[in-house]
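1. Compute the structure for the input listed below.
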Amino acid sequence: MQFFVYGRDRPGSLQLKMDLTEHHWTFLDPYADRLIARGPTLDDHGDPTGSLHIVDLPDVAAARTFAYEEPYYLGGVFESVMLCRYVNLLGRAVPSDSGYLVIAGGVAPITSKHLFAYGDLFALDGAAHAGRAALLQAPSLEAAIRSAPDDATVHPWRRGGRQP
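-> Numbering: from 1, shown residues only. I've put the predicted structure just below:
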């Protein structure tokens, strides 16, 4: 079962996030082989504004543990956390190092020839459709926005985790 977890950073939490990053990575280490995508969303200066994880877990209880026992969440970095079931429509892993995260609330498709992750979002019980999410490559934020439905939010994104 796959889950989409997106924590939006609380304003003014950048230093706290930096202080907790090693704890965050250590928490994620046991999940490394189950992470389909991971990484921060970014502002215009390249500073993080949120944290995305698409992860394969056995059940909803494990997803709640993943989302709410995570050090950024426990430390107060996040203003909000979006936790949804994720149905992968591409069936492949994320090969890109950077791009844009698009989150749309409706059923309109996210259209781009450069999708490297794309899926439907559902309530945790799998019943109610909650939108769509995609990671895509585009030459600019404006180009990424053109690929997105009107109700979407678009965030610059880069692959995260420990760098060799």
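2. Now do the contacts for the closest residue in space to Tyr31 that isn't next to it in sequence.
-> Nearest non-adjacent residue to Tyr31, counting by CB to CB, 6 or more residues apart in numbering: Val55, 6.0 Å away. (Each C-beta comes from the backbone N, C-alpha and C, glycine too.) With contact taken as CB atoms under 8 Å, 6 or more residues apart in numbering, Val55 is in contact with Gln2, Phe3, Val5, Tyr31, Arg34, Leu35, Ile36, Arg38, Ala63, Phe66.
3. The last one against Met1, yeah?
-> No: counting by CB atoms under 8 Å, Phe66 stays clear of Met1, with 11.6 Å between them.
4. Of those two, which one has the most company?
-> Phe66 (20 against 15; other CB atoms under 10 Å).
5. doesn't Arg85 fall inside a helix?
-> No: counting by DSSP: H, G, I helix; E, B strand; the rest coil, Arg85 is not part of a helix but strand.
6. what is the residue lying closest to it once chain neighbours are set aside paired to in the beta sheet?
-> Spatial nearest neighbour of Arg85, excluding adjacent residues (CB to CB, 6+ apart): Phe122 at 4.1 Å. Listed by DSSP bridges, the beta-bridge partners for Phe122 are Arg85, His129.
7. Now do Phe122 against Asp59, distance only.
-> 14 Å (CB to CB, to the nearest Å).
8. Fine by me, we can end here.
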